[in-house]
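A.B. asks: kindly return the folded structure for what I paste below:
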Amino acid sequence: MKNKYNELITSLTDRELLSHLYLTQMILLIVSFILGIILFDDFAYLKMIQLLDVRIVTIGLTAGISVVILDVLLMKWLPDSYYDDGGLNNRIFRNRGFFHILIIAAIVSFSEELLFRGIIQTKVGLIFASIIFAVIHYRYLFNWYLFVNIVSLSLLIGFIYQWSGNLAVTIMMHFVIDFLLGIYIKFKHSPRIDIQEEADDE
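C.D. replies: Purely as a prediction, here's the structure:
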């Protein structure tokens, strides 16, 4: 199964991977809209997005930065195989500009938090929402470390949402994580760094 997945990723162009990413997020937004009609009166879950809340910065921003710092340190300390997702994240971010990475992070953080925290967690609880969140990130199922990583992150984000009651806090946290890691991947795979690494290996 893992080999077939890796072959599929390899066979797609960067443009096709990006199209699949945007399509997936559009599907999540459509699912959110449909479930919002079925499960809530007057889209009440949207009231959980409170923009005038200082915790968006004090909790969402700082928690996101903390997760990224820890993750980058673990990337340096742990074997590369622990972060092997089939190369998908590298393919998506390595050739993107800063503004494009920002757009991707904004769309992904909003659509995923709206569905998994705003709707699913609100209705069925933290644990179930975290499991579904992990399963949706299909590529992580083939790597035990990445699976534990994504489940732990989902639980953390879920706890923060449960504590704050504000979806904007977790959207900010999710955005910061995706944006900064996207920038990290871009710099890690920049031509200048790749040339320097090749020179160091010789």
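A.B. asks: the residue most central in space within the chain and residue 94: what is the separation?
C.D. replies: Centroid-nearest residue in the chain, with C-alpha atoms, centre = their mean: residue 178, separated by 5.3 Å. Distance check for residue 178 against residue 94: by C-beta to C-beta, to the nearest Å, it reads 15 Å. Quick note: C-beta positions are derived from backbone N, CA and C, even for glycine.
A.B. asks: next one: phi and psi at residue 85?
C.D. replies: phi -110, psi 20 (degrees, to the nearest 10).
A.B. asks: next, the contact list for it, please.
C.D. replies: 139, 140, 143, 146 (C-beta atoms under 8 Å, 6 or more residues apart in numbering).
A.B. asks: over to residue 169?
C.D. replies: By C-beta under 8 Å, 6+ apart, the neighbours of residue 169 are 53, 55, 56, 59, 60, 160, 161.
A.B. asks: show me the contacts of residue 85 that map onto helices.
C.D. replies: Those of the contacts of residue 85 mapping onto helices are residue 146, per DSSP state H.
A.B. asks: where does residue 38 land in three-state SS?
C.D. replies: helix (DSSP: H, G, I helix; E, B strand; the rest coil).
A.B. asks: run a quick neighbour tally on it.
C.D. replies: Residue 38 is flanked by 8 other residues according to other C-beta atoms under 10 Å.
A.B. asks: quick one, helices of the chain?
C.D. replies: Applying DSSP H to the chain gives helices spanning 2-11, 14-39, 55, 62-77, 88-93, 98-113, 122-124, 126-136, 144-164, 167-188, 191-201.
A.B. asks: give me the contacts around the third one.
C.D. replies: Which is helix 55. 164, 166, 169.
A.B. asks: let me know the closest of the residues you listed to residue 44.
C.D. replies: Lowest distance from residue 44 to the contacts of helix 55 (C-beta to C-beta) belongs to residue 166, with 14.3 Å.
A.B. asks: next, the contact list for the nearest residue to that closest one once chain neighbours are set aside, please.
C.D. replies: Excluding its sequence neighbours, the residue lying closest to residue 166 (C-beta to C-beta, 6 or more residues apart in numbering) is residue 50, at 4.7 Å. Residues in contact with residue 50 (C-beta under 8 Å, 6+ apart) are 166, 167, 168.
A.B. asks: wait, the first one touches residue 47, no?
C.D. replies: Pointing back at residue 166 there. No. Contact criterion C-beta atoms under 8 Å: residue 166 and residue 47 do not qualify, at 10.1 Å.
A.B. asks: and these two? which has more neighbours close in?
C.D. replies: residue 166 (21 against 11).
A.B. asks: tell me how many other residues surround residue 70.
C.D. replies: 10.
A.B. asks: no more questions from me, cheers.
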